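# No sequence on hand, only this structure:
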């Protein structure tokens, strides 16, 4: 089969490799759509890959073309999205349904071969059937959608209150839509890019605040009558947005950190003191799984796409053939050149 193989830093080649064969309990899936995640950038452009050579790609959908032995519930011809985490299912965390905290896991597309290939192998239990009417393109967005949903579930999201979404990238815009679906009263989107804020408005934000504006903090205070936000969802993963989340939260508020920082973050005493003085509940979220595996996040992603409650086309910068992945990463290496998700088609 053909695959995009990473041989070293910035050395990704579309080449011929051996087609995997499914073993007991496994499927072989013909990849139809797969995404480039933000976490893939340091693996390709930096030194974040676990080893070389490796086939990356963990956001994907496709058609089942072969099954190994002992497979039930999934058949050749089924259209599926793939859940990339492969937990051990035997440790205490797994027994408690905390699959994201499994210390013995592997992961499709970072530790074992992933979906930037014509075919990808995965355990049958990792296959999530696409509901009728849900496209492969939407299926490739199940994984980032479930990341957003999982964060809301972990923070014990409650409808009926104002919500601040800090960072209007892919995960932020998906979290914004999920918050709307789950009953947020008013949604405030914060970002430094005007285009993202315009998109946030289209996707249901009631108020969009440009964090580059001189008086943006005052605008947030006025909108909440000085009380701050009862719920804050941080998706940017940079020092500014992490600190801003604590600052904008109201007394007794809940702060959810979904964004993953790639650089050190330091808090001055007065910045840390927001947690103490306001008695904030600060939580982190990692991946997107719950019991029974892979979790209600994955089921609801399909439901929300099928019912038309989740919009996605504006999140996509371009859809290109897998063979053109090298050119796509040339653009991804230039800050600001790519303004959304890149999807690769099989």
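The structure has been received and is ready for your questions. Note that the structure is a prediction, hence the values are computed from the model and not measured.
# would you list every one of the helices in the stretch 51-200 of the chain?
With DSSP state H, counting those that start in this stretch as the definition, the stretch 51-200 of the chain shows helices at residue ranges 92-95, 136-139, 142-154, 170-181, 194-202.
# after the helix or strand hosting residue 330 comes which helix or strand?
For residue 330, the host element (DSSP states H and E) is helix 325-332. Remark: after helix 325-332, the chain's next helix or strand is strand 341-345, criterion DSSP H and E.
# In its sheet, which strands sit next to that following strand, and in what direction?
strand 26-35 (antiparallel), strand 316-321 (parallel) (DSSP bridges).
# quick one: buried residues of it?
341-345 (16 or more other CB atoms under 10 Å). Every residue, glycine included, has its C-beta placed from N, CA and C.
# List of residues touching it?
For strand 341-345, the external contacting residues (CB atoms under 8 Å, 6 or more residues apart in numbering) are 4, 32-36, 57, 116, 137, 140-141, 144, 170, 315-322, 324-325, 328, 332.
# That one to helix 325-332, inter-axis angle?
Taking axes from the mean of the first three to the mean of the last three CA atoms, to 10 degrees, one finds that strand 341-345 is oriented at 170 degrees with respect to helix 325-332.
# who does the closest residue to residue 219 other than its chain neighbours bridge with?
Setting aside the residues directly before and after it, residue 219 is nearest to residue 209 in space (CB to CB, 6 or more residues apart in numbering), at 5.6 Å. Beta-bridge partners for residue 209, by DSSP bridges, are residue 190.
# Quick check: residue 209 vs residue 241, distance?
With distances taken as CB to CB, to the nearest Å, residue 209 is found 13 Å from residue 241.
# can you list residues touching both of these two?
Common neighbours of residue 209 and residue 241 (CB under 8 Å, 6+ apart) are residue 190.
# Flag the shaky bits of the stretch 201-346 of the chain, pLDDT-wise.
In the predicted model of the stretch 201-346 of the chain, no residue satisfies pLDDT under 70.
# the strands in it, which residues?
207-210, 229-234, 249-257, 281-284, 316-321, 341-345 (DSSP state E, counting those that start in this stretch).
# So which of the ones you listed is nearest residue 130?
Residue 130 lies closest to strand 341-345 among the strands of the stretch 201-346 of the chain, at 15.3 Å (CB to CB).
# how far off helix 170-181 does that closest one point, in degrees?
For strand 341-345 against helix 170-181, the angle by the same axes, to 10 degrees is 100 degrees.
# rewinding a little: if you compare the strands of the stretch 201-346 of the chain, which one is most tucked away?
Of the strands of the stretch 201-346 of the chain, the one with the most neighbours on average (mean count of other CB atoms under 10 Å) is strand 229-234, at a mean of 26.
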